[in-house]
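[1] sequence first, then the predicted structure:
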Amino acid sequence: MLPTGNLKHLLQYNGAWWYYYEKNQESIRPVVVDNVIKILSCGDHIRGFVTYVCSNHNCLHFKHIPFTCKSRFCPSCGKKATNAWIQKQMDILPKTSWQHITFTMPSILWEIFRINRHLLNELSKLAAQCILSIAKNRNILLGIFCALHTFGRDLKYNPHMHASTTTGGIDDKQQWKSIFFKKKSLRNAWKYRIIHLLRTHHKNNILTLPEPLRHFYPDYSSFNKWLNSLYQKIWIIHCSKPSQNPYHNVHYLGGYIKRPPIAQSRLKHYDGNEVIFNFLNHKTKNHENFHCSTEEFISRFIQHIPEKYFRLIRYYGFLANRNRKHYLPIVYATINQQPKESFPLRFNQLMKKELGFDPLLCILCNSKLYFASISIGLNHQEIRKHHKNLALMKPCAA
């Protein structure tokens with residue numbers, strides 16, 4: 001049985017990923033293969049490494065620290081990216097009241113968005129427009145950051161948007177005005193925008209329908225009538241109570257955005273045939289174990305890997321990249337906040353913060369380790385040639 005909580009070994013154990021890859025390689029997206037290869041090679045000397053030696057000349061201890069893969073779907077790299085992102089946001093975001101809003105859609109639409117991944121590009125903008133349009137009517141410029149989630153707790157495909165917005169903003173006189181959002185007005189705006197998106201793409205022949213829908217609604221007219229019926233379905237919009245600083249929202253979203261769809265701590269059992277992982281059932285509010293085959297687990301996991309260069313986090317209002325240089329100083333001045341320069345944390349600082357120890361201390365004499373040399377490994381294109389060996393845990397010559 002595989003030790004719990006190790007995604008990389010789960011993919012390698014018993015040749016799980018390689019078996020899946022050989023069976024399904026015609027249908028696997030290239031970006032999926034690239035990300036899995038990154039996970040398999042993460043921390044392997046094939047990527048290269050840095051050598052540190054002890055500053056105590058009487059101590060012969062040295063340490064090789066291999067380079068990591070930087071994939072968001074790698075558990076260790078995702079964790080580091082999460083902490084770095086949270087730290088940066090806490091330095092930049094205004095310390096004011098924030099409201100967290102979740103936009104969902106009926107489950108019947110999930111498959112449409114899964115097979116039409118280009119539609120995911122629009123969701124963040126549509127969610128932000130729902131908020132910004134209400135604020136604009138009151139002459140308020142808000143700060144918003146949005147995050148796309150495609151996964152549910154049991155790894156099913158469930159695209160939905162999380163938006164965090166300031167509950168206030170600046171008007172044209174550069175004065176701060178407060179605002180609060182309610183789900184009814186947001187729900188109507190969200191429904192309209194999603195249905196209009198699908199209608200427009202179908203009309204322009206750039207929408208692929210799942211087989212059942214294609215069978216029952218073969219033309220634009222019948223599909224349009226079906227879309228109209230969606231107005232009567234339940235669309236859940238959740239508006240949380242405002243919090244007095246962005247920490248909760250940043251920390252919550254960071255845990256989903258910068259890490260794999262499933263935390264390693266939730267992997268409870270794997271024997272080469274069956275995977276068991278824990279999840280919170282929102283209906284029962286209880287933690288349950290989900291049982292599935294290795295192939296089903298991999299299928300559920302990789303469907304959430306976004307296309308290359310896809311931005312899961314996007315900013316709007318005075319936080320938009322084109323606006324923040326001009327408006328953020330005004331916002332800081334309005335709410336009496338001193339701007340803070342953000343510095344990225346180094347890996348040893350992250351280790352100290354998360355695990356409570358300094359990786360650059362000698363384990364023999366407790367002296368400082370210092371940089372000695374760097375060994376350059378293979379680039380990603382060269383590492384791809386070792387795909388099979390990495391998947392089957394065979395040696396790879398760098």
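    Good, I have the coordinates.
[2] for the stretch 151-300 of the chain, what spans make up the strands?
    Listed in chain order, the strands of the stretch 151-300 of the chain (DSSP state E, counting those that start in this stretch) span residues 157-166, 168-170, 176-178, 237-239, 267-270, 274-281, 286-293.
[3] Leu378 and Phe151, how far apart?
    In this structure, Leu378 and Phe151 are separated by 31 Å, where distance is defined by CB to CB, to the nearest Å. The way it works is simple: take the backbone N, C-alpha and C, and place the C-beta from them, glycine included.
[4] where's Ala127, which helix or strand?
    Of the helices and strands defined by DSSP states H and E, Ala127 is found in helix 120-137.
[5] pick the most deeply packed of the strands of the stretch 151-300 of the chain.
    Mean neighbour counts were compared across those using mean count of other CB atoms under 10 Å; the top stretch is strand 168-170, at a mean of 24.
[6] next, the buried residues of stretch 209-229.
    For stretch 209-229, the neighbour count (16 or more other CB atoms under 10 Å) marks Leu209, Leu213, Tyr217, Phe223, Leu227 as buried.
[7] show residues contacting stretch 285-297.
    Contacts of stretch 285-297 with the rest of the structure, by CB atoms under 8 Å, 6 or more residues apart in numbering, involve 10, 14, 16, 20, 23, 154-155, 268, 270, 272-281, 300.
[8] circling back: including distance to Val36, could the strands of the stretch 151-300 of the chain go into a markdown table?
    Rendered in a markdown table, the data for the strands of the stretch 151-300 of the chain read as follows (distance: least, CB to CB, whole Å):
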| stretch | distance to Val36 |
| --- | --- |
| strand 157-166 | 18 |
| strand 168-170 | 42 |
| strand 176-178 | 47 |
| strand 237-239 | 33 |
| strand 267-270 | 16 |
| strand 274-281 | 16 |
| strand 286-293 | 18 |
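[9] looking at these, which is nearest to Ala128?
    When these are compared by CB to CB, strand 157-166 sits nearest Ala128, at 6.6 Å.
[10] quick check: angle from that closest one to helix 120-137?
    For the pair strand 157-166 and helix 120-137, the angle between their directions (axes from the mean of the first three to the mean of the last three CA atoms, to 10 degrees) equals 30 degrees.
[11] I'd like the average pLDDT over strand 157-166.
    Here the mean pLDDT over strand 157-166 is 93, rounded to a whole number.
[12] pull the CA atoms of that strand into PDB?
    Backbone C-alpha positions of strand 157-166 (Å, rounded to 0.1, in the frame of the first residue of the first chain) are rendered in PDB as follows:
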ATOM      1  CA  TYR A 157     -16.100  19.200 -12.800                       C
ATOM      2  CA  ASN A 158     -18.000  22.200 -11.400                       C
ATOM      3  CA  PRO A 159     -17.000  25.600 -12.800                       C
ATOM      4  CA  HIS A 160     -17.800  28.500 -10.600                       C
ATOM      5  CA  MET A 161     -16.400  31.900  -9.800                       C
ATOM      6  CA  HIS A 162     -15.200  33.400  -6.500                       C
ATOM      7  CA  ALA A 163     -15.000  37.200  -6.400                       C
ATOM      8  CA  SER A 164     -13.700  39.300  -3.500                       C
ATOM      9  CA  THR A 165     -14.700  43.000  -3.700                       C
ATOM     10  CA  THR A 166     -14.200  46.000  -1.500                       C
END
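[13] quick one: list the elements packing against it.
    The criterion is 3 or more CB pairs under 8 Å, 6 or more residues apart in numbering; DSSP states H and E, and the helices and strands that strand 157-166 contacts are strand 98-103, helix 110-115, helix 120-137, strand 143-151, helix 247-257.
[14] one more time with 6 Å, if that's ok
    strand 98-103, helix 110-115, helix 120-137, strand 143-151 (3 or more CB pairs under 6 Å, 6 or more residues apart in numbering; DSSP states H and E).
[15] tabulate those (TSV), appending mean neighbour count, mean pLDDT and distance to His162.
    Written out in TSV, the entries for those read as follows (neighbours: other CB atoms under 10 Å; pLDDT from 0 to 100; distance: least, CB to CB, whole Å):
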stretch	mean neighbour count	mean pLDDT	distance to His162
strand 98-103	22	93	6
helix 110-115	17	96	16
helix 120-137	19	96	8
strand 143-151	23	92	5
